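1. structure, please.
(chains A and B)
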Amino acid sequence: EDQVTQSPEALRLQEGESSSLNCSYTVSGLRGLFWYRQDPGKGPEFLFTLYSAGEEKEKERLKATLTKKESFLHITAPKPEDSATYLCAVHPQGGSEKLVFGKGTKLTVNP
Amino acid sequence: NAGVMQNPRHLVRRRGQEARLRCSPMKGHSHVYWYRQLPEEGLKFMVYLQKENIIDESGMPKERFSAEFPKEGPSILRIQQVVRGDSAAYFCASSPTTAYNEKLFFGSGTQLSVL
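-> Next comes the predicted model:
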């Protein structure tokens, strides 16, 4: 069964304190791995798509990387406005268009 | 260009009533997906539709749940005879082509509370 596990469940950082969020996945085949940001009371907002091991994508203070078993979302010098829940999802092979989501990491950045 | 619109934002139903959740995709998008988010759980896929067709309903409970995306108008997720376990946030997403090729755009969700 396709599975996505995110860690930690919650993370508190001081402003400027860099860290990484982990997404481990088990799939029969990977068509793509997605990172989303979700603010309270809102729907997920797309951040990145990664397709193959070794691929990296960057956007402002965020950088996503992918290996054959996991993905990391690196946050450099975070600001309070980066506080949100970060969701990881995989698109397994097999013909279905569904995404399999992890439970997310709730990030809080204190000023 | 308006985003994915969902209504209502909040819906309260008593056990046994029907719930109708509406989703208008982004302009130009013909692919709609419904996901459910239970408390402390991740988003779970329910159904994938294109105009007038259900493509994949593998995540939808066999009983009481149905979905449609008519030629005109919004996509509707219908839950008959709701039970307390149906209480959740229901999110709709749309894309211009399939999820594999394009990122999904999510609406703000409908929070269903069953009393």
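2. can you list the residues of chain A near chain B?
-> A:4, A:31-32, A:34, A:36, A:41-46, A:49, A:87, A:89, A:91, A:96-104 (Cβ under 8 Å from any Cβ of the partner chain). In short, each C-beta sits where N, CA and C put it, glycine included.
3. in helices only, show me the residues you listed.
-> Taking DSSP state H, every one of those sits outside helices.
4. who does the residue of chain B found nearest chain A form a beta bridge with?
-> Closest residue of chain B to chain A, Cβ to the nearest Cβ: B:Phe106 (3.2 Å). Taking DSSP bridges as the rule, B:Phe106 bridges to B:Ala93.
5. just to revisit the earlier point, give the buried subset of the residues of chain A next to chain B as a PyMOL selection command.
-> Selection of buried members from the residues of chain A next to chain B for PyMOL, criterion 16 or more other Cβ atoms under 10 Å in any protein chain shown:
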select buried, chain A and resi 4+31+32+34+36+43+44+49+87+89+91+96+97+98+99+100+101+102+103+104
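6. now for A:Glu70, how many residues are close by?
-> Residues near A:Glu70, counting by other Cβ atoms under 10 Å in any protein chain shown, number 17.
7. wait, A:Ser28 sits on A:Gln3?
-> No: counting by Cβ atoms under 8 Å, A:Ser28 sits too far from A:Gln3 to count as a contact (10.9 Å).
8. returning to that earlier point: what's around the residue of chain B closest to chain A, how many residues?
-> Residues within reach of B:Phe106, counting by other Cβ under 10 Å, total 23.
9. could you do A:Leu13 as well?
-> Around A:Leu13 there are 18 residues (other Cβ under 10 Å).
10. what is it paired to in the beta sheet?
-> Per DSSP bridges, the residues bridged to A:Leu13 are A:Val109.
11. I'd say it and A:Leu107 touch.
-> Yes: counting by Cβ under 8 Å, A:Leu13 does reach A:Leu107; the two are 7.1 Å apart.
12. could I get the pLDDT score of the residue in chain A that chain B sits nearest to?
-> As assessed by Cβ to the nearest Cβ, chain B sits closest to A:Gly43 within chain A, at 3.2 Å. We note a pLDDT of 94 for A:Gly43 in this prediction.
13. so what's it closest to, chain neighbours aside?
-> Leaving aside its chain neighbours, A:Gly43 sits nearest to B:Phe106 (3.2 Å; criterion: Cβ to Cβ, 6 or more residues apart in numbering or on different chains).
14. before we move on, what about B:Glu68?
-> B:Ile76 is the one closest to B:Glu68 (Cβ to Cβ, 6+ apart), at 5.3 Å.
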